[in-house]
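Novice: need coordinates for the following:
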Amino acid sequence: MSGLREVYHYSIWILVLVVVQFFNACKGDGLNIGLSNESVGVNAADTLTVEASTFLLDPLPTTGQGLLLVGRIHDEDFGRMESRSYFRLSNEQLALSSLPENSRYDSLSVRFFYNGYSYGDTTKYIRLNLHRVIEDIEPYEFPIALEDDEYPVFASGGTTLLANREFAYDSESLGSVSFRPRPNTPEDTVVTMKLNDELGQTLFDMAVNEDTRLTVNDDFVNFLKGMVLVPADESEGVVLGFRDSIVFEVHYSHERQSDGMREEGVISFPIGASTHQFNHIITDRQGTPLTDLSDQNNNLASSLTGNRTYVQGVTGVVTRLRFPSARLFVNDGITAVSKAQLIIETDQSKESIFPPPNALILMRANRYGTPVAILPNSFQSDTQTAYYQVGSQSGGAANGQYVFDLTGYMNELRYTVDDEAESLLLSLPTTSLLSAVDHLKIAVRDGKPAIKLQLFYVKF
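Specialist: Have a look, this model is predicted:
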């Protein structure tokens, strides 16, 4: 019988919702309609409590994201963030038997190709160093700290390399390049770095002798364990993205038999498997509102962070949201939500060197804060994405906004009191979460984060 009552109430709720939405579209929010001699009013509420905090996810998997993320930035709210990129080289394309007999070594170089991504000040010069890794780069099983926890929605288990992992490398660089980044100009698509001639000569001699350390994969990996691209100590201001299709080349020349002229050639080592390429993230939040945010203290109430909350890609910083009063509100047995919106404001300027993200998503988190699902569009299955909207000057408010439709989510809260420990996580879209450093500062309004839950509802 309880199941029949639930179906009955659900059917009545659907009927009321459809009728109200129909008339609401025609006459606006002030509508009153009659059902069985009883008045059903469409009401609005925008003062329901939103509990917002800044939350730190477990270290993120950055393996095989298709880019080398490298650079260093500093912001007064987030502190200092640095990205280094590790990768292996591959020997699979070597054809050493075709080397001419009279070849001689010329130089060693590596080329990095922009992928178009940058965050920060691209008017400043940046210096990047390439170092030789001296420790085996080995993926490991994706960790789950608690036995009854789940894999996050952006990971499926198996082996990975997390953003907090690092491997030892030679302190002396193989090469360095200083340049002013131009990641989105068609005439400047590549950064070329000249490398150490000692290593270059060694590789060339090994190629001439068809050394097994070049021709046998295991021997090659033992000899050349990997590389890491690192921003120089003095470089700060921008983080850049490069495609994971680098060109590591030994240049040589040989004398042509036909005319005695010298002809150039290359021995190429492409980047190795994506399973061994990842971006290592380093943060220093000392002296910022997020000083106390850490793996051991991963949830900071907005009252502890200047009444703001924050979001940042790749570091795992998200805003955690709970709606305790809304849960009680929709579970009173006589309320049906016809529309719900979550409105998030930011006072970051789109014209600043650190602009707000173009898009955000919401992820559903379990009681441990692990994101286990992405919030879909209401009553649908596709991912809901809120895009940045330029602020309106009307009423003196010029903050940018992101607006989510929470109608479906609010109606799912009916009869779910047992899930009170669950929450929503405001985040960059998962691809950007794992591969970009864009950040968001939620604005402050009336001494609280400028996050408003707006409900339109009927009582029956």
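
Novice: what is the burial count for G287?
Specialist: If you count neighbours by other Cβ atoms under 10 Å, G287 ends up with 10. (Each C-beta comes from the backbone N, C-alpha and C, glycine too.)

Novice: low-confidence bits of the stretch 51-200 of the chain, can you list those?
Specialist: Counting by pLDDT under 70, the stretch 51-200 of the chain contains low-confidence ranges at 145-148.

Novice: how about a cut-off of 50?
Specialist: Confidence mapping of the stretch 51-200 of the chain against pLDDT under 50 gives zero matching residues.

Novice: strands of that one, start to end?
Specialist: Using DSSP state E, counting those that start in this stretch, the strands of the stretch 51-200 of the chain run over residues 51-56, 67-75, 79-87, 104-120, 126-132, 140-141, 159-160, 175-179, 190-194.

Novice: and stretch 165-184, end to end?
Specialist: The separation between the terminal residues of stretch 165-184, taken as Cα to Cα, to the nearest Å, is 30 Å.

Novice: now do the buried residues in that stretch.
Specialist: Judged by neighbour count (16 or more other Cβ atoms under 10 Å), stretch 165-184 contains these buried residues: 165-167, 169, 173-175, 177, 181, 183.

Novice: between the residues you listed, which is nearest R111?
Specialist: V177 (10.3 Å; Cβ to Cβ).

Novice: list the beta-bridge partners for the nearest residue to the closest one once chain neighbours are set aside.
Specialist: Nearest-residue entry for V177: M193, 4.2 Å, with adjacent residues in sequence omitted and distances by Cβ to Cβ, 6 or more residues apart in numbering. On the basis of DSSP bridges, M193 takes part in beta bridges with V110.

Novice: and for M193, the neighbour number?
Specialist: Applying the criterion other Cβ under 10 Å, we find 22 residues in the vicinity of M193.

Novice: pretty sure it contacts R127?
Specialist: No: counting by Cβ atoms under 8 Å, M193 does not reach R127; the two are 10.4 Å apart.

Novice: which residues are common contacts for those two?
Specialist: Overlap between the neighbourhoods of M193 and R127 consists of 176-177, taking contacts as Cβ atoms under 8 Å, 6 or more residues apart in numbering.

Novice: okay if I get the strands of the stretch 51-200 of the chain as CSV plus distance to V330?
Specialist: Below are the strands of the stretch 51-200 of the chain laid out as CSV (distance: least, Cβ to Cβ, whole Å):
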stretch, distance to V330
strand 51-56, 16
strand 67-75, 38
strand 79-87, 39
strand 104-120, 39
strand 126-132, 51
strand 140-141, 41
strand 159-160, 39
strand 175-179, 56
strand 190-194, 54
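
Novice: count the neighbours of the residue nearest to R111 when sequence neighbours are not counted for me.
Specialist: If the residues on either side of it in the chain are set aside, R111 comes closest to V247, at 4.4 Å by Cβ to Cβ, 6+ apart. Other residues within reach of V247, judged by other Cβ under 10 Å, total 16.

Novice: re earlier: adding distance to V221, write the buried residues of stretch 165-184 out as JSON lines.
Specialist: Converted to JSON lines, these look like this (distance: Cβ to Cβ, whole Å):
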{"residue": "R165", "distance to V221": "18"}
{"residue": "E166", "distance to V221": "19"}
{"residue": "F167", "distance to V221": "13"}
{"residue": "Y169", "distance to V221": "15"}
{"residue": "S173", "distance to V221": "21"}
{"residue": "L174", "distance to V221": "17"}
{"residue": "G175", "distance to V221": "21"}
{"residue": "V177", "distance to V221": "26"}
{"residue": "P181", "distance to V221": "32"}
{"residue": "P183", "distance to V221": "31"}
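
Novice: out of the residues you listed, which is nearest to L434?
Specialist: Using Cβ to Cβ, R165 is the member of these that sits closest to L434, with 14.0 Å.

Novice: what residues does that closest one make contact with?
Specialist: R165 makes contact with 59, 278, 280, according to Cβ under 8 Å, 6+ apart.

Novice: again with A163
Specialist: With Cβ under 8 Å, 6+ apart as the criterion, the residues that contact A163 are 59-62, 278-281, 314-316.

Novice: what about 7 Å?
Specialist: Under the criterion of Cβ atoms under 7 Å, 6 or more residues apart in numbering, the neighbours of A163 are 59-60, 62, 279-281, 314.

Novice: quick one: which of these is nearest T49?
Specialist: In terms of Cβ to Cβ, no member of the contacts of A163 lies closer to T49 than L60, at 30.0 Å.

Novice: neighbours of the closest one, how many?
Specialist: The number of residues packed around L60, counting by other Cβ under 10 Å, is 24.

Novice: L199 now?
Specialist: Applying other Cβ under 10 Å, we find 15 other residues in the vicinity of L199.

Novice: could you find the closest non-adjacent residue to E264?
Specialist: Counting by Cβ to Cβ, 6+ apart, the nearest residue to E264 once its immediate chain neighbours are dropped is S253, at 5.0 Å.

Novice: hmm, the one you found is touching R262, no?
Specialist: Yes: S253 is within contact range of R262, at 4.7 Å (criterion: Cβ atoms under 7 Å).

Novice: so between the two, which is more surrounded?
Specialist: For S253 against R262, the residue with the higher neighbour count under other Cβ under 10 Å is S253, and the figures read 16 against 11.

Novice: beta partners for the more buried one?
Specialist: When assigned by DSSP bridges, S253 has beta-bridge partners R104, E264.

Novice: quick one: R165 from E135, how far?
Specialist: Between R165 and E135 the distance, using Cβ to Cβ, to the nearest Å, works out to 11 Å.

Novice: how about G260?
Specialist: 47 Å.

Novice: more crowded one of the two?
Specialist: When neighbours are counted by other Cβ under 10 Å, E135 comes out ahead of the other of G260 and E135, with 11 against 7.

Novice: tell me the contacts of the residue nearest to V177?
Specialist: 109-110, 130, 175-177.

Novice: V444 too?
Specialist: Applying Cβ under 7 Å, 6+ apart to V444 gives the contacts 307-308, 450.

Novice: output those as a markdown table; include the columns pLDDT and neighbour count.
Specialist: Listed next are those as a markdown table, based on pLDDT from 0 to 100; neighbours: other Cβ atoms under 10 Å:
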| residue | pLDDT | neighbour count |
| --- | --- | --- |
| N307 | 97 | 19 |
| R308 | 97 | 22 |
| A450 | 96 | 21 |
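
Novice: return the member of these nearest to F329.
Specialist: Of all those, F329 sits closest to A450, with 21.2 Å by Cβ to Cβ.

Novice: distance of that closest one from R364?
Specialist: Distance of A450 to R364, given as Cβ to Cβ: 23 Å.

Novice: show me what contacts A398?
Specialist: A398 touches G391, counting by Cβ under 7 Å, 6+ apart.

Novice: helix, strand or coil for it?
Specialist: Applying DSSP: H, G, I helix; E, B strand; the rest coil to A398 yields a three-state assignment of coil.
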